[in-house]
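Chemist: Kindly generate the corresponding structure for this input.
(4 chains)
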There are 2 protein chains.
Amino acid sequence: MANITIGEVARRAGVQTSAIRYYEKIGLLPKTQRIGGQRRYETGVLNYLEIIDVAKRAGFRMDEIRQLFHGFGKGTPAFRRWQLLAQRKIAEMDDLIARAKKMKRLLEKADRCRCLDLEDCGKVFLKKR
Amino acid sequence: MANITIGEVARRAGVQTSAIRYYEKIGLLPKTQRIGGQRRYETGVLNYLEIIDVAKRAGFRMDEIRQLFHGFGKGTPAFRRWQLLAQRKIAEMDDLIARAKKMKRLLEKADRCRCLDLEDCGKVFLKKR
DNA sequence: CTCGGACTTGAAGTGCGCTTTAAGTCAAAC
DNA sequence: GTTTGACTTAAAGCGCACTTCAAGTCCGAG
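Modeler: Have a look, this model is predicted:
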């Protein structure tokens, strides 16, 4: 574990340092050790940032990500609450997948028939579910 | 086409009247006729609002929805630009579907193995793509 | 010992997608 | 003719997820 600076983490993860500080502030990343006042990270934080990125881009809010990734110790009484959130998010992922597929089909149809507006294939599209 | 008020549209579409006015303001909904200064809508606007809702919840920004739904007349010179945007959004829908599936699998795995954190199955999860 | 550059903090600023507020208009009911 | 309630506008406010700013600290190179 390399003990890298925030600048190095930012470079490797492709995020800005300000975002990393913000994540720490809101409790999404743990407070890490300081050397001469400066943050030092272990490379494991990169995995964390990758999961955060995937979750964010799947529409998760920051507080949800925080709860899902720090919200319970193994066998904690909070685990049931964690499970409920996780199950809700799993269902939301199914909804999101369905909507994304629907939009994809709508755009493909519009591209083919060149008639995307209220009166034309958008309407037809909605009608046929 | 019934010529309904904004309040009726809001009620039927399940949105607030302020949102409808906002959509008109940013050019997402066309300016509709006024009677005594008040907006009157045809029921077709409900289809529009439904498409807007699906698009929004699939992560489309307002200006993208506007461009996709008003950005071209049939056979217009802007059509090529429309097609590029549509193709980009279709690709983004594929990415989004992949991320949503990934998050779903991650949550399901975490629920099963009760070890969702940086050092445990999150890491494993990322490793196996 | 001083310079440069990467880091620190708290606070203010940004852009999006609305909602809320304030002040006013209009038409139907009483 | 006044009251009621839904509507109108422009402008300000809000929550989120950051970014930017201002002022300062720390450390290695020259």
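
Chemist: you'd agree A:Arg21 is up against A:Ile6?
Modeler: Yes. Counting by Cβ atoms under 8 Å, A:Arg21 touches A:Ile6, with 7.4 Å between them. Just so you know, the C-beta spots here come from the backbone N, C-alpha and C atoms, and that holds for glycine as well.

Chemist: and those two? which has more neighbours close in?
Modeler: A:Ile6 (19 against 14; other Cβ atoms under 10 Å in any protein chain shown).

Chemist: pretty sure that one contacts A:Ala19?
Modeler: No. Between A:Ile6 and A:Ala19 there is no contact under Cβ under 8 Å: 10.3 Å.

Chemist: can you give me the strands for chain A?
Modeler: A:4-5, A:34-35, A:38-41 (DSSP state E).

Chemist: So which other helices or strands are in contact with the last one?
Modeler: Read that as strand A:38-41. strand A:4-5, helix A:6-13 (3 or more Cβ pairs under 8 Å, 6 or more residues apart in numbering or on different chains; DSSP states H and E).

Chemist: Show me what the last one is packed against.
Modeler: This points to helix A:6-13. helix A:17-25, strand A:38-41, helix A:45-57.

Chemist: Can you point out the buried residues in that helix?
Modeler: Neighbour-count burial for helix A:6-13 flags A:6, A:8-10, A:13 (criterion: 16 or more other Cβ atoms under 10 Å in any protein chain shown).

Chemist: how about the residues of chain A near DNA strand D?
Modeler: A:15-16, A:18-19, A:21-23, A:35-37, A:56, A:61-63 (Cβ under 7 Å from any atom of the strand).

Chemist: Poorly predicted segments of chain A, please.
Modeler: A:1, A:71-76, A:114-129 (pLDDT under 70).

Chemist: residues in it within reach of DNA strand C, list them.
Modeler: A:5-8, A:17, A:21, A:34, A:37-39.

Chemist: Just flag the most distant two among the residues you listed.
Modeler: A:Glu8 and A:Gly37 (16.7 Å; Cβ to Cβ).

Chemist: can you count the residues close to the residue nearest to A:Leu107 when sequence neighbours are not counted?
Modeler: Distance criterion Cβ to Cβ, 6 or more residues apart in numbering or on different chains; nearest residue to A:Leu107, sequence neighbours excluded, is B:Ala86 at 4.7 Å. For B:Ala86, the count of nearby residues is 23 (other Cβ under 10 Å).

Chemist: Which residue is it, in chain A, that comes closest to DNA strand D?
Modeler: A:Gly36 (2.7 Å; Cβ to the nearest atom of the strand).

Chemist: Return the distance of the nearest residue to A:Leu49 once chain neighbours are set aside relative to DNA strand C.
Modeler: Of all residues not flanking A:Leu49 in the chain, A:Ala13 sits nearest, at 4.3 Å (Cβ to Cβ, 6+ apart). A:Ala13 sits 13 Å away from DNA strand C, taking Cβ to the nearest atom of the strand, to the nearest Å as the criterion.
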